[in-house]
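Chemist: Any chance you can model this:
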Amino acid sequence: MKKSEEIQVGILLVLFGGFILISSSSLPMNFEFGIMLIGLAIGVVGAIRPGE
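Modeler: Numbering: from 1, shown residues only. This is a model prediction of the structure:
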């Protein structure tokens, strides 16, 4: 994956996690925060990692 793609995927996952968090309370909280943390991790790694 290109650096910019990783950042975009990270942002999308954070937004997706936030959207689920707002829209449905049926899922356990850990699930949404898990998605958001994974997205943040991908975005941060994509931003920090040297590459394209």
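
Chemist: switch to C-alpha atoms for all contacts and neighbour counts from now on
Modeler: Fine.

Chemist: which one is residue 33 nearest to, not counting chain neighbours?
Modeler: Among residues not flanking residue 33 along the chain, residue 17 sits closest, at 6.8 Å (CA to CA, 6 or more residues apart in numbering).

Chemist: Which secondary structure state does the one you found sit in?
Modeler: helix (DSSP: H, G, I helix; E, B strand; the rest coil).

Chemist: Quickly note the distance from the most centrally placed residue in the chain to residue 17.
Modeler: Most central in the chain under CA atoms, centre = their mean is residue 39, positioned 1.7 Å from the mean C-alpha point. Distance of residue 39 to residue 17, computed by CA to CA, to the nearest Å: 8 Å.

Chemist: And residue 31, by the same measure?
Modeler: Going from residue 31 to residue 17 by CA to CA gives 8 Å.

Chemist: after the helix or strand hosting residue 13, next one along is what?
Modeler: Applying DSSP states H and E as the criterion places residue 13 in helix 3-23. Next in sequence after helix 3-23, counting helices and strands by DSSP H and E, comes helix 29-48.
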